[in-house]
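Asker: have a look; sequence and predicted model below, questions after that.
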Amino acid sequence: MSAQANTSGIEKEIRKIRLTFDRAKDRYCYYCEDGGSIMYCDFCKRGFCYNVMGEAGNEIPGNSDTPQSQPCLTVPPEMAANKGRHFTCPECLSVDKYSLPDYLINRGARVTSRVSIKASVALVVFYLKSQEVAAELFARQLCASLGVFELHVVTLFMKLPSPAPEKAAEDIRQQLLPKSPYHLVVFFLTESDPRGGWWVGSADNCRGSERVDEEDFFLCHMAGLTGLAIDASTARIFGLTCGSNLLNKDSASLIHKTLNIRPWHSIVLPSAPATIPRHYFGIFAKLMVHLYYFGSPLRNSLLRTWAKSPEAREHTGFVIMDRQSWKTPGSNLIVSKLEYAPHVSRPYGVELPMIPSLCGCWTKSPHRWKERHASRTFGEEFYFYTSSCCATELHIAIYTDRRVLLNVHGTRIMEEPWDPDTLRFTFDPTRMVCMKILPSRKESMENQPAHNSPWTEAGLGDQLE
């Protein structure tokens, strides 16, 4: 009995030690395992060290000369003061792809051990009044991402329709690291117009809704940044908008003509006409690290980030205009389009129709096309599909023109270079895509359709020539 009592007492002591140890662990940050002010997630209950934005000594990530002094999170004062506030940690947010943090993430700032690069990044963000909060959160995420790698970041916010004045550009120059190279990156968060151009004023602006074409946007709103762009190691522009203006046949060529003779290395624009920025916001933090820490080329960096993100690649592709250096004589912007192109839903970037809209099987799910056959002849890629619900047949011929398929990072991407003579993308779905739909048949009666002659108008034109 005494032995049993002794064993029971030892077990109680062990449980006390474990409980004390577990509680002690809870007082340390999940990321850096350091102490200090700890905030606990409402969902996973993990703790994260933080400081309060705006308090003395709390620098915006990327603007501090001592990033190691930054806790893992920087929260607004109202979040720190309100004990009943809602807090979702970075780990839980990484699962919920539709939520954005309302605080700054300085992940690994205390413990990261990287090669320090003596370079600065000048970050300029144009935005509509209605998108001010999204623009600020987006910029802070970029600052935090680059700050982890000890890159010095200087940020300028410009509310449209105000242009960037030369004085603001000089203020940026004064804040850059002295006698060190720097990069200029410009984001504009606005909306496109199918007639061409971008909106620079919304209905709640004092000047009301206002739209400018692409040339005026660059020449008027970004003219004050020309001096910074000339002296920068790289000067890049990214559009955070939909691509509806690119449906206008002159928009892409107007952008190219405007920027090709000016000191810009590249511009990247979403190509999908109906997408919103939050669907692809997440790729830019990693993209900035690839560009400005690792020094990777733009196209490779974009493929490493966008092509690996299921959400971003599903919602939009990109139009890229890029060159190594604008200072080299005869160096023109090289233009191409990248689109997600899996065979079962978007062969060569052509969106297949929704199955229920063809067969009416709305109550049956999931709906997907099954590839039965693929071949190539007459310059056309031919595909034969059946639906998963009732075996409705879809036959499609695509005249590929300049489009090619790339197998990168475990997925299939379509790339289309544009015609440098006409300054346009020549792929025209009305002439280069032909679809035929047949009603459901038993699998034993499925017959591979004949492809003895071109199906598309473009293919027939080639044959006549």
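Answerer: Here it is on my side, so go on.

Asker: please make it C-alpha for all contacts and neighbour counts, starting now.
Answerer: Noted.

Asker: pretty sure Glu132 sits in a helix.
Answerer: Yes - under DSSP: H, G, I helix; E, B strand; the rest coil, Glu132 falls within a helix.

Asker: that one: neighbouring residues, count only.
Answerer: 16 (other C-alpha atoms under 10 Å).

Asker: now Asp421
Answerer: Using other C-alpha under 10 Å: Asp421 sits among 6 other residues.

Asker: same check, this time on Cys434
Answerer: 17.

Asker: before we move on, what about Gly84?
Answerer: Residues near Gly84, counting by other C-alpha under 10 Å: 8.

Asker: mind checking which helix or strand the nearest residue to Arg441 once chain neighbours are set aside is in?
Answerer: Leaving aside its chain neighbours, Arg441 sits nearest to Ala391 (6.6 Å; criterion: C-alpha to C-alpha, 6 or more residues apart in numbering). Following DSSP states H and E, one finds Ala391 outside all helices and strands.

Asker: count the neighbours of Ala391 for me.
Answerer: Neighbour count for Ala391, taken as other C-alpha under 10 Å: 19.

Asker: how much space separates it from Arg346?
Answerer: Here Ala391 is placed at a distance of 19 Å from Arg346 (C-alpha to C-alpha, to the nearest Å).

Asker: then Leu302?
Answerer: The gap separating Leu302 from Arg346 is 20 Å, by C-alpha to C-alpha.

Asker: these two: which is more packed in?
Answerer: The neighbour comparison of Leu302 against Arg346 (other C-alpha under 10 Å) goes to Leu302, with 23 against 17.

Asker: in which helix or strand does that one reside?
Answerer: Secondary structure (DSSP H and E) places Leu302 in helix 298-305.

Asker: after that helix, next one along is what?
Answerer: Once the chain leaves helix 298-305, the next helix or strand it forms, by DSSP H and E, is helix 310-315.

Asker: how far is that following helix from where the chain is centred?
Answerer: 9 Å (C-alpha atoms, centre = their mean, to the nearest Å).

Asker: pull out the buried positions in that helix.
Answerer: Buried residues in helix 310-315, counted by 16 or more other C-alpha atoms under 10 Å: 311-315.

Asker: tell me what the closest residue in space to Arg376 that isn't next to it in sequence is bridged to.
Answerer: Among residues not flanking Arg376 along the chain, Phe382 sits closest, at 5.9 Å (C-alpha to C-alpha, 6+ apart). Taking DSSP bridges as the rule, Phe382 bridges to Ser375, Ala397.

Asker: pretty sure Phe382 contacts Glu371?
Answerer: No - Phe382 lies out of contact with Glu371 (C-alpha atoms under 8 Å); the separation is 10.9 Å.

Asker: which one's more surrounded, the two?
Answerer: When Phe382 and Glu371 are compared for neighbours, Phe382 comes out ahead with 23 against 15, by other C-alpha under 10 Å.

Asker: who's in contact with the more buried one?
Answerer: The contact partners of Phe382, by C-alpha atoms under 8 Å, 6 or more residues apart in numbering, come to 374-376, 395-398, 451.

Asker: for those, which two are the farthest from each other?
Answerer: By the measure C-alpha to C-alpha, Arg376 and His395 form the most distant pair in the contacts of Phe382, at 13.3 Å.

Asker: ok, the two, which is more surrounded?
Answerer: Neighbour count, other C-alpha under 10 Å: between Arg376 and His395, His395 has more, with 19 against 14.

Asker: about what we covered before: from the contacts of Phe382, which would you call buried?
Answerer: With burial judged by 16+ other C-alpha under 10 Å, the buried subset of the contacts of Phe382 is 395-398.

Asker: please save the CA atoms from stretch 40-55 in PDB.
Answerer: Extracted C-alpha coordinates of stretch 40-55, given in PDB (Å, rounded to 0.1, in the frame of the first residue of the first chain):
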ATOM      1  CA  TYR A  40      -3.100  34.800 -27.900                       C
ATOM      2  CA  CYS A  41      -5.100  33.600 -31.000                       C
ATOM      3  CA  ASP A  42      -8.800  33.100 -30.500                       C
ATOM      4  CA  PHE A  43      -8.800  29.900 -32.500                       C
ATOM      5  CA  CYS A  44      -5.500  27.900 -31.900                       C
ATOM      6  CA  LYS A  45      -4.600  29.600 -28.600                       C
ATOM      7  CA  ARG A  46      -1.000  30.100 -29.700                       C
ATOM      8  CA  GLY A  47       0.800  33.100 -28.300                       C
ATOM      9  CA  PHE A  48       2.700  35.700 -30.400                       C
ATOM     10  CA  CYS A  49       5.000  38.500 -29.200                       C
ATOM     11  CA  TYR A  50       3.900  42.000 -30.300                       C
ATOM     12  CA  ASN A  51       4.500  45.700 -29.900                       C
ATOM     13  CA  VAL A  52       2.100  48.600 -30.500                       C
ATOM     14  CA  MET A  53       2.100  50.600 -33.700                       C
ATOM     15  CA  GLY A  54       2.900  54.300 -33.200                       C
ATOM     16  CA  GLU A  55       4.600  54.000 -29.800                       C
END
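
Asker: next one: it to chain centre, how far?
Answerer: How far stretch 40-55 lies from its chain's middle: 26 Å, per C-alpha atoms, centre = their mean.

Asker: ok, Ser180 - how many residues close by?
Answerer: Using other C-alpha under 10 Å, the number of residues around Ser180 comes to 10.

Asker: with the one 4 residues further on instead?
Answerer: By other C-alpha under 10 Å, 23 other residues sit near Leu184.

Asker: assign a three-state SS to it, would you?
Answerer: Leu184 ends up strand, using three-state DSSP.

Asker: same check on Ile320?
Answerer: From three-state DSSP, the assignment for Ile320 is strand.

Asker: that one against Ile267, yeah?
Answerer: Yes - applying C-alpha under 8 Å, one finds Ile320 in contact with Ile267, separated by 6.1 Å.

Asker: which stretches in the stretch 351-465 of the chain count as helices?
Answerer: For the stretch 351-465 of the chain, the helices defined by DSSP state H, counting those that start in this stretch occupy 355-359, 429-432, 457-464.

Asker: from the middle of its chain, how far away would stretch 90-97 be?
Answerer: Centre-to-centre, stretch 90-97 and its host chain are 17 Å apart (C-alpha atoms, centre = their mean).
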